[in-house]
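A.B. asks: A structural model of the following input is requested.
(2 chains)
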Protein chains: 2
Amino acid sequence: MTISDLLFGKPLRSSEEAGEKLGAVGGLSVFGLDALSSAAYGPEAALTLMIPLAAAGIAYIVPITTCIVILLAIVYFSYRQTIEAYPSGGGSYTVARENLGTFAGLLAAAALMIDYILTAAVGISAGVGALVSAVPSLEPHTLMICLLILVIITLVNLRGVRETGAVFILPTYAFIGTLLFTILLGMVKMLATGGHPVPVVAPPVLPLTAAVAGPWLLLKAFSSGCTAMTGVEAVSNGVQAFREPVVKSAQRALTAIIAILIVMLVGIAYLVSSYKIGATNPGQAGYQSVLSLLTLAVIGPGAFYYFTMGSVLLVLALSANTAFADFPRLCRAVAEDRFLPHGFVTRGRRLVYTQGIGVLALLCGALLILFGGVTDRLIPLYAVGAFLAFTLSQAGMVAHWIRKGGKGSHRSIFVNGLGAFATATTVLVVAVAKFVEGAWMTVLLIPTLMLVMVAVRRHYRQVEEEIAQDPPLDLSNLQRPMVVVPILFWNRVTQKALRIALAMSSDVEVVHVACDKDADNVHETWNRYVPAPTNPADRPTPRLVVLPSPYRFVITPIVEYILDLEHRHPDRQVAVLIPELVENHWYHYVLHNQRAELLRARLLAKGSQKMILVSVPWHLTV
Amino acid sequence: MTISDLLFGKPLRSSEEAGEKLGAVGGLSVFGLDALSSAAYGPEAALTLMIPLAAAGIAYIVPITTCIVILLAIVYFSYRQTIEAYPSGGGSYTVARENLGTFAGLLAAAALMIDYILTAAVGISAGVGALVSAVPSLEPHTLMICLLILVIITLVNLRGVRETGAVFILPTYAFIGTLLFTILLGMVKMLATGGHPVPVVAPPVLPLTAAVAGPWLLLKAFSSGCTAMTGVEAVSNGVQAFREPVVKSAQRALTAIIAILIVMLVGIAYLVSSYKIGATNPGQAGYQSVLSLLTLAVIGPGAFYYFTMGSVLLVLALSANTAFADFPRLCRAVAEDRFLPHGFVTRGRRLVYTQGIGVLALLCGALLILFGGVTDRLIPLYAVGAFLAFTLSQAGMVAHWIRKGGKGSHRSIFVNGLGAFATATTVLVVAVAKFVEGAWMTVLLIPTLMLVMVAVRRHYRQVEEEIAQDPPLDLSNLQRPMVVVPILFWNRVTQKALRIALAMSSDVEVVHVACDKDADNVHETWNRYVPAPTNPADRPTPRLVVLPSPYRFVITPIVEYILDLEHRHPDRQVAVLIPELVENHWYHYVLHNQRAELLRARLLAKGSQKMILVSVPWHLTV
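C.D. replies: Numbering: from 1, shown residues only, chains lettered A, B, ... in the order given. So this is what the prediction gives:
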């Protein structure tokens, strides 16, 4: 078993693909983590904006959550239809590009890529942030813990989809179980006390005020709360990862995710307002998350509280995994249309898109390092990307149904149209409300990324045109090349190279660089080792060329001579034969100069189409 | 002007060598810095050991210094003879190897290498340490300042010997001038007051004791004081860097260095004992260097004091330069005997031994980083190496004179013999006195380094035997190779490669890896593009080989196929033709896979002597 087998698992045959598929249960944890974990920060984000209103602010959480849940329901029905219409994977990119054209597709792709990268970084740092606020002694190691989690998530994803599902099932269901239990118990207590439950541990008392929220504050609170919806598109993007029947499995997973998310959001909103729990200021002494206050109020301190908080931390950190599941698939789809490098299309040893996972890990790691593992300020950035992608996807579906027409198309148009309208409105609201806080960066990054993708496609097109070939193999005028052999000393390696050169062509030049005044010496040695043939026409004889080098450079004179030779014989192929010692042990590397490799690199960079480079390796046995 | 011209200067022709030579003035600063700067720490090192004796200890400084000066004089006469006998550079390595054999030579070389590396690191960190104790706010940047100085010294040395001399002349002479002036003024004051001068600023009063130093303490003080002698061998090592007449120039530089050093040592000892200046504990509050106390006592605070201290700091830091002047020359001499990699023999663009400078800079930088720029603990280590080299060099000279015989040889034998005896005694004293403090590391490192050198030589010998060639070029049985062309698609690149292949040989195989079930497709395309010839004997036709790849690996199946082919045809050369796209812009690198280079690397590592690798580049114009 090799190290790579241990880390990444044994390679999988292409035919083993079916075994790597997900059911609804595994799919929920692979594609649902992002959406579900947002229940942990969405309501809190909305409540935080209400802090200035004190007790009066809490009254707004139920109506705001109601709006979000309605939007969520609309989006749910839209994506159900998308999954059915695109069983081979209907990510926003695919749907927008097929129905609205390249521009819309690239817009969606760019928005989603940025969204995924941010999701991954923010998820990890949010989880670690929560952990650090629980165990303050870990604070100096924030960045290291972030990167450790990143490495673990990356490795698990490189092992393949099924193993990823297996690893993440436990934390996902622990999170769902504890949170639903808390909500249920809270509801029971609320009903039993006629709506006025007594908290086990009382949350901080909020001063009573008669403040009223203005429309701008409400819009901002709604925008912040909308972060609870990010990650919902994941399932539609990854339909192909589900087991047969793929559409049913994927729809079932989507239904489960949305249903659980709605129950959580509604439950949290009701309990928060009846227990009168307000958000506390993050970054200030005495800060506690809303979920922590809620669990303490309903259940009180103890083992269950810690278990709940532990699963919240874990799920937040692992929510980054949704990005790891979807980003590579998105890149694959874009690269198949040649807007990104080929490499994203290649499936690695475990049937996953290795390069996509690698690129995401690198970018996410760079973000974490850049922000020292504290990425709170990035949160406002990513709602824009997510909702832009939602909108384009829904709008694309509307165009799809219009073109398809037929029975029931009106109903479909209405559902997706409503989704498009609702999410488009949300994009505008979020972009405006969050512009100053950082949404402008997204607004700037998206067109940049689109330009890059267009440039990549243009490059591939040009290369394709340049090397495209229609006529069959032309075997006329095959001419043997001129051969140039640079040599330093006369030994077996040179002997081998010269024999190969003379077998290739009768037109062989041997080039020697004379650093000192040893030119005479060279000619003498040459005449001794390469005797003039008795009949020149009978046998090919190599010619000796001695190049002077007053500056003791060895490679430059050879390169210049060969380029000049090419220039003098524009109609001939020039083959440069480079004798090369190959070390038997890596630690012998420093003992031999790397001139052969340097010469090759220089000639490769400077030569024309008429030059070919022949390495004649001599494998040392010592 | 390119960046390298700016940093390292324009390349020098081999014939410009004479212009790069040093006179006695420049030679003093290039080769004398190490020896002279040791006046700044040698006396202090001896006095530090006398701290426990308080006032009584000061009495011993004059006799100890007298011993050191006598030793220095003996060594001086010895090295004068060495320079005369070895005008082409008589480093300890050369002298010991020629006269005492390989073992002694390698022992001297290893000892000196370690000595030079330590000198460079300790010099820089001592200078920076003094600077930091003068300006405590720089303390957090100690390591950065050390590395900055290292970079500057390295760059200056890479620019060539003469420019180095020019840069270092000013600080060297400022140091010599200020220190000699202080000593002179102190002597005048001492004579004027009948031996009881009144200090301008009184040094800390030492308690009067009746303590007597035991022999062990005196030995240790002598050993510590001997660090004042390190660097004396530098001139004899670098004779070739001097201007004609080389022997006279070098001897003049050596005489000047030793004379100045003796005056400094004697002057410091007398002044210290008449002003009653004792060492203070380094690393404790109120620490001041002996030179600082002395200057304050003789001249008092003011501009001259700061100028003196500044030149001391600078010269300490720059004393590392002696190592940079000699280490590369030593490595060159050792590498010419093939005990070190060839690279050390090559002179770079500015006629200096670039690789030696580079290796020293790297090792010195590593030491500085490892010790965080504070290398006090390394000081005891390097006297052993220096004195071991002295001893071997002197002993070698004795053997040299015995073999040579003739007029005046008895006098020469006596001078060098006395030197050998005195320094050998010192090695023993230093090694014993400093063993626990770190000399054991040197004692361990030296044989390790010797083993490495012997192994390098053995490797070169074996390679030479393996590739050595006597008989002239054999042109019989020239056979054209079998050619294998791995292809992915059918395009102009493939067309070009196939044409070259068929020009090289009529025995051509095209290898295609079928990742998916496209094997049928391949055959169809093939038949379309490579039509069967009407008369197979008339024209060569390539054969198609389709390799299955259930795990989607592309390179592995090709490598395995070619290795198998080699195995099946042990009597044939196998040429692998690798078509390769060459990007026109570096940023296109990521857009094309690097399979061609990977395949080449794998084949180069695994192939046998019968395989040659042909790169067929296609230079993209886009």
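A.B. asks: residue nearest the centroid of chain A?
C.D. replies: For chain A, A:L360 is the residue whose C-alpha lies nearest the centre (CA atoms, centre = their mean; 2.8 Å).
A.B. asks: give the contact list for it.
C.D. replies: A:116-117, A:120, A:323-324, A:327-328 (CB atoms under 8 Å, 6 or more residues apart in numbering or on different chains). (Glycine included, C-beta is placed from N, CA and C.)
A.B. asks: so which strand or helix has it?
C.D. replies: Assigned by DSSP states H and E, A:L360 belongs to helix A:354-370.
A.B. asks: just how off-centre is the following helix or strand past that helix within its chain?
C.D. replies: For helix A:354-370, the following helix or strand on the C-terminal side (DSSP H and E) is helix A:379-404. From the chain centre to the centre of helix A:379-404 is a distance of 20 Å (CA atoms, centre = their mean, to the nearest Å).
A.B. asks: so for the very next helix or strand once past helix A:379-404, mean pLDDT?
C.D. replies: Along the chain past helix A:379-404, the next helix or strand (assigned with DSSP H and E) turns out to be helix A:409-434. When pLDDT is averaged over helix A:409-434, the result is 86.
A.B. asks: also stretch A:353-368?
C.D. replies: Stretch A:353-368 comes out at a mean pLDDT of 89.
A.B. asks: how close does the residue nearest to the centre of chain A sit to chain B?
C.D. replies: As judged by CB to the nearest CB, to the nearest Å, A:L360 and chain B stand 15 Å apart.
A.B. asks: what's the answer for A:V352, then?
C.D. replies: For A:V352, the distance to chain B - CB to the nearest CB - is 11 Å.
A.B. asks: need the three-state assignment for that residue.
C.D. replies: coil (DSSP: H, G, I helix; E, B strand; the rest coil).
A.B. asks: show me what contacts it?
C.D. replies: A:157-158, A:160-161, A:328.
A.B. asks: with adjacent residues omitted, what lies nearest to the residue of the stretch 251-400 of chain A found nearest chain B?
C.D. replies: Proximity of the stretch 251-400 of chain A to chain B (CB to the nearest CB) peaks at A:P341, 5.1 Å away. Nearest residue to A:P341, sequence neighbours excluded (CB to CB, 6 or more residues apart in numbering or on different chains): B:L591, at 5.1 Å.
A.B. asks: burial check on the one you found, number of neighbours?
C.D. replies: 20 (other CB atoms under 10 Å in any protein chain shown).
A.B. asks: surely it and A:V456 touch.
C.D. replies: Yes. At 6.5 Å, B:L591 counts as touching A:V456 under the criterion of CB atoms under 8 Å.
A.B. asks: surely A:V298 and A:S274 touch.
C.D. replies: No. In this structure, A:V298 is not within contact of A:S274 by CB under 8 Å, at 10.4 Å.
A.B. asks: tell me which of these two has more neighbours.
C.D. replies: The neighbour comparison of A:V298 against A:S274 (other CB under 10 Å) goes to A:V298, with 24 against 20.
A.B. asks: report pLDDT for A:G405.
C.D. replies: 82.
A.B. asks: ok, it - contacts?
C.D. replies: With contact set as CB under 8 Å, 6+ apart, A:G405 has no partners.
A.B. asks: got the phi and psi for it?
C.D. replies: phi 60, psi -150 (degrees, to the nearest 10).
A.B. asks: need the contact list for A:Y561.
C.D. replies: A:484, A:511, A:545, A:547.
A.B. asks: try it again at 6 Å.
C.D. replies: Contacts for A:Y561 were tallied using CB atoms under 6 Å, 6 or more residues apart in numbering or on different chains; they are A:L547.
A.B. asks: ditto for A:F387
C.D. replies: A:F387 touches A:423, A:426-427, A:430, counting by CB under 6 Å, 6+ apart.
A.B. asks: any idea how far it is from A:A228?
C.D. replies: 12 Å (CB to CB, to the nearest Å).
A.B. asks: what of A:E84?
C.D. replies: Taking CB to CB, one finds A:E84 at 25 Å from A:A228.
A.B. asks: so for these two, which residue has more residues nearby?
C.D. replies: Between A:E84 and A:A228, counted using other CB under 10 Å, A:A228 has the larger neighbour count: 30 against 16.
A.B. asks: pull the contacting residues for the closest residue to that one other than its chain neighbours.
C.D. replies: Nearest in space to A:A228, with sequence neighbours left out and distances taken as CB to CB, 6+ apart, is A:G42 at 2.4 Å. Counting by CB under 6 Å, 6+ apart, A:G42 touches A:225, A:227-228.
A.B. asks: out of those, name the ones that lie in helices.
C.D. replies: If you go by DSSP state H, the contacts of A:G42 have A:G225 in helices.
A.B. asks: make TSV out of the contacts of A:G42 and add distance to B:K248 and pLDDT.
C.D. replies: Shown next, in TSV, are the contacts of A:G42 (distance: CB to CB, whole Å; pLDDT from 0 to 100):
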residue	distance to B:K248	pLDDT
A:G225	90	83
A:T227	84	79
A:A228	89	80
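A.B. asks: quick one, what contacts A:A39?
C.D. replies: A:261, A:264-265.
A.B. asks: SS state for the nearest residue to it once chain neighbours are set aside?
C.D. replies: With sequence-adjacent residues excluded and distances taken as CB to CB, 6+ apart, A:A39 is closest to A:M264, at 4.1 Å. Judged by three-state DSSP, the three-state class of A:M264 is helix.
A.B. asks: what about A:M264, neighbour count?
C.D. replies: Residues near A:M264, counting by other CB under 10 Å: 23.
A.B. asks: next one: it from A:L131, what distance?
C.D. replies: The spacing between A:M264 and A:L131, counted by CB to CB, is 21 Å.
A.B. asks: likewise A:I169?
C.D. replies: For A:I169 relative to A:L131 (CB to CB), the value is 21 Å.
A.B. asks: who has more neighbours, the two?
C.D. replies: Using other CB under 10 Å as the criterion, A:I169 and A:L131 rank with A:L131 on top: 20 against 15.
A.B. asks: mind listing what the nearest residue to that one once chain neighbours are set aside touches?
C.D. replies: Using CB to CB, 6+ apart and skipping residues adjacent in sequence, the residue nearest A:L131 is A:L313, 5.1 Å away. For A:L313, the contact set (CB under 6 Å, 6+ apart) comprises A:127, A:130-131.
A.B. asks: please flag which of these sit within helices.
C.D. replies: A:127, A:130-131.
A.B. asks: flag the least confident of those residues.
C.D. replies: Among the ones in helices among the contacts of A:L313, A:A130 has the weakest pLDDT, 74.
A.B. asks: isn't A:A250 up against A:A241?
C.D. replies: No. Using CB atoms under 6 Å, A:A250 makes no contact with A:A241, being 8.6 Å away.
A.B. asks: can you pick out the residue with more neighbours from the two?
C.D. replies: More neighbours surround A:A250 than the other of A:A250 and A:A241, with 31 against 26 (other CB under 10 Å).
A.B. asks: for the residue nearest to A:A39, give me the pLDDT.
C.D. replies: So A:M264 comes in at 94 (pLDDT).
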